[in-house]
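Undergrad: Have a look; sequence and predicted model below, questions after that.
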Amino acid sequence: MARKLVRVFFRDKLAVTGLFIAVLFVILACWPTAWLPANPRSTSPQMRLTPPAWTAAGTMERPLGTDQLGRDILSRVVVGTRVSLSIASLAVLISAVLGIAAGVIAGYFGGLIDSVIMRLVDVQLAFPLLLVIIALVALLGASIPILIVLLGLSGWAQYARLVRAETLAVKEREYVAASLALGNSSFGTIWRHVLPNISSTTIVIGTFELARVLLVESSISFLGLGVQPPTPSWGSMIADGRNYIYQGWWVSTIPGIAIVLAVMSFNFIGDGLRDVLDPKSR
């Protein structure tokens, strides 16, 4: 069965393309800093706004050019990949743990617990989360740990709502009733029977959430409330080049292309996984 699902996934050209791009980004994120063309934090005024190597004034010493402080764009994009993907991955992990726990408890036990959790979901979904995150970051201070926690808390509601719906369907199955009849506790039944049968839904949500969180993190860093200098991130790199768009278009364009490719790759993977794991789609 697993081989069949893998074959179905690899027949989807967009999903395979997305997987290929995502793997490239993971490789960049793991790339040793010592192997980069230059120190991503070191400045070089004499090489300020050097164009990429494929232009007439470019040089292979700086393949993707330099920014307004003479910092190497390629090195900063690679380190920014590590920073942005790490923040997005940890935030999605927090969202998944909280959302899955809340959704399963609400769907399985129902009653007052279900009502309270779903009203909290409604409240969170009613707020413009980007503005709330910006306000909280401005209040609590701009740091990577705070940003990860806030981004993680911003996504649990999407998990909870979908996981609750899946749990409501799964808990009516015969194997759940049989597990309870054999004397297993409710939490034991959830662990052994409910969670494995809703895992496909959570995996698909996770890929789309990675794309969403990556965009939100880039937006916050662009506004100067996310990753702080001298640590590079894609959003802050775009912000660095916005005043030099005519003299040095590559400063903002190259990290912008990285964001577009990363978000598209996760969305393509999510679409492919949804088609594979959803029997109705297949």
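TA: Sure, I can see it.

Undergrad: From I269, how far off is the closest residue to M264 other than its chain neighbours?
TA: Ranked by Cβ to Cβ, 6 or more residues apart in numbering and with sequence neighbours excluded, the top spatial neighbour of M264 is G18, at 6.8 Å. Placement of C-beta: from N, CA and C, glycine included. Distance of G18 to I269, given as Cβ to Cβ, to the nearest Å: 4 Å.

Undergrad: try W54
TA: 30 Å.

Undergrad: Wait, L261 touches I21, no?
TA: Yes: if you go by Cβ atoms under 8 Å, L261 and I21 touch, sitting 5.5 Å apart.

Undergrad: W54 and I269 - which one has more neighbours?
TA: Remark: of W54 and I269, I269 carries more neighbours, 27 against 10, as counted by other Cβ atoms under 10 Å.

Undergrad: element containing the more buried one, please.
TA: helix 249-277 (DSSP states H and E).

Undergrad: now that helix, how far from the chain's geometric center?
TA: Its chain's C-alpha centre lies 10 Å from the corresponding centre of helix 249-277 when counted by Cα atoms, centre = their mean, to the nearest Å.

Undergrad: what comes up buried for that helix?
TA: 250-256, 258-259, 262-277 (16 or more other Cβ atoms under 10 Å).

Undergrad: which strand residues sit across from D72 in the sheet?
TA: T66 (DSSP bridges).

Undergrad: Tell me which residues touch it, please.
TA: Applying Cβ atoms under 8 Å, 6 or more residues apart in numbering to D72 gives the contacts L36, P37, A38, N39, P40, R62, L64, T66.

Undergrad: Just among the residues you listed, which is most surrounded?
TA: Among the contacts of D72, T66 has the most neighbours (other Cβ under 10 Å), with 27 neighbours.

Undergrad: Can you pull up the most central residue in this structure?
TA: The centre of the chain sits closest to L210, judged by Cα atoms, centre = their mean, with a distance of 2.2 Å.

Undergrad: tell me the mean pLDDT for stretch 190-198?
TA: Per-region confidence: stretch 190-198 scores 85 on mean pLDDT.

Undergrad: who's in contact with it?
TA: 100, 104, 108, 163, 166-167, 170-171, 173, 175-176, 179, 184.

Undergrad: For those residues, could you give me JSON lines that also reports distance to I134 and secondary structure?
TA: Shown next, in JSON lines, are the contacts of stretch 190-198 (distance: Cβ to Cβ, whole Å; DSSP: H, G, I helix; E, B strand; the rest coil):
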{"residue": "I100", "distance to I134": "27", "secondary structure": "helix"}
{"residue": "V104", "distance to I134": "31", "secondary structure": "helix"}
{"residue": "Y108", "distance to I134": "35", "secondary structure": "helix"}
{"residue": "V163", "distance to I134": "28", "secondary structure": "helix"}
{"residue": "E166", "distance to I134": "32", "secondary structure": "helix"}
{"residue": "T167", "distance to I134": "33", "secondary structure": "helix"}
{"residue": "V170", "distance to I134": "38", "secondary structure": "helix"}
{"residue": "K171", "distance to I134": "39", "secondary structure": "coil"}
{"residue": "R173", "distance to I134": "43", "secondary structure": "coil"}
{"residue": "Y175", "distance to I134": "46", "secondary structure": "helix"}
{"residue": "V176", "distance to I134": "43", "secondary structure": "helix"}
{"residue": "S179", "distance to I134": "46", "secondary structure": "helix"}
{"residue": "N184", "distance to I134": "46", "secondary structure": "coil"}
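
Undergrad: Among those residues, name the buried ones.
TA: By 16+ other Cβ under 10 Å, those give I100, V104, Y108, V163, E166, T167, V170, K171, V176, S179, N184 as buried.
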